[in-house]
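Student: Need a 3D model of the sequence below.
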Amino acid sequence: MGRGYRESDSRRYFDWLYYAAIDLRAAKLLLDDNRCYNMVAFHCQQCAEKAFKGYLLWRRHKLYDGHNLPWLCKQAAQEDENFRSRLQISSDLNHYYIEARYPADFLLHLDDETAASVIVETNDLLTFVNSLVKFDFQSYRQKRTVAVQKGSTE
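Tutor: Residues are numbered from 1 along each chain as shown. I've put the predicted structure just below:
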């Protein structure tokens with residue numbers, strides 16, 4: 001694998017789709033506070049990235065590295081032409097990976113309409129992927145959990 005591959009990354013596509021759903025839920029919760037709109041966008045970017053990776057893992061049995069959403073979307077489109085219609089949202093969300101999380105001279109500032117729109121489009125993408133792989137968030141069961149104790153530095 002590439003530069004960011006970790007041996008601990010799950011090879012179960014539904015784990016990726018579960019965490020994509022968690023990112024989308026976090027984005028929806030953050031929508032209540034306009035100071036958090038950048039984090040809304042970042043969590044939507046993360047949702048899309050995990051959705052693409054989950055789909056590609058399901059379809060190709062290969063774990064992909066990287067964060068470039070248009071590239072991941074194009075890989076998915078090689079398997080299903082319907083992903084082509086998601087290239088624009090992939091490109092839009094791609095900007096939020098770095099820009100939404102770090103201060104810069106020209107700050108990213110999303111308004112309420114844009115933040116809400118990003119959530120709707122990301123939800124549409126995740127719903128589409130889940131329908132292809134027949135993933136049901138409510139039926140998901142984690143492989144194993146690791147308990148982290150309060151105050152632990154490990």
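
Student: and the longest helix anywhere in the chain, which residues are buried?
Tutor: The single longest helix within the chain, with elements called by DSSP state H, is helix 37-60. Residues of helix 37-60 classed as buried: 37-59 (neighbour count, 16 or more other Cβ atoms under 10 Å). Any C-beta I mention is one placed from the backbone N, CA and C, and that applies to glycine too.

Student: Please report how far Asn130 lies from Trp71.
Tutor: Applying Cβ to Cβ, to the nearest Å, the value for Asn130 to Trp71 is 21 Å.

Student: Report all helices and strands that the longest helix of the chain contacts.
Tutor: helix 13-30, helix 69-79, helix 87-94, helix 112-133 (3 or more Cβ pairs under 8 Å, 6 or more residues apart in numbering; DSSP states H and E).

Student: tell me, what residue is most central in the protein?
Tutor: Cys47 (1.8 Å; Cα atoms, centre = their mean).

Student: For burial, what's the neighbour tally of the closest residue in space to that residue that isn't next to it in sequence?
Tutor: Distances taken as Cβ to Cβ, 6 or more residues apart in numbering place Asp23 nearest to Cys47, at 4.0 Å, with adjacent residues excluded. Using other Cβ atoms under 10 Å, Asp23 has 21 neighbouring residues.
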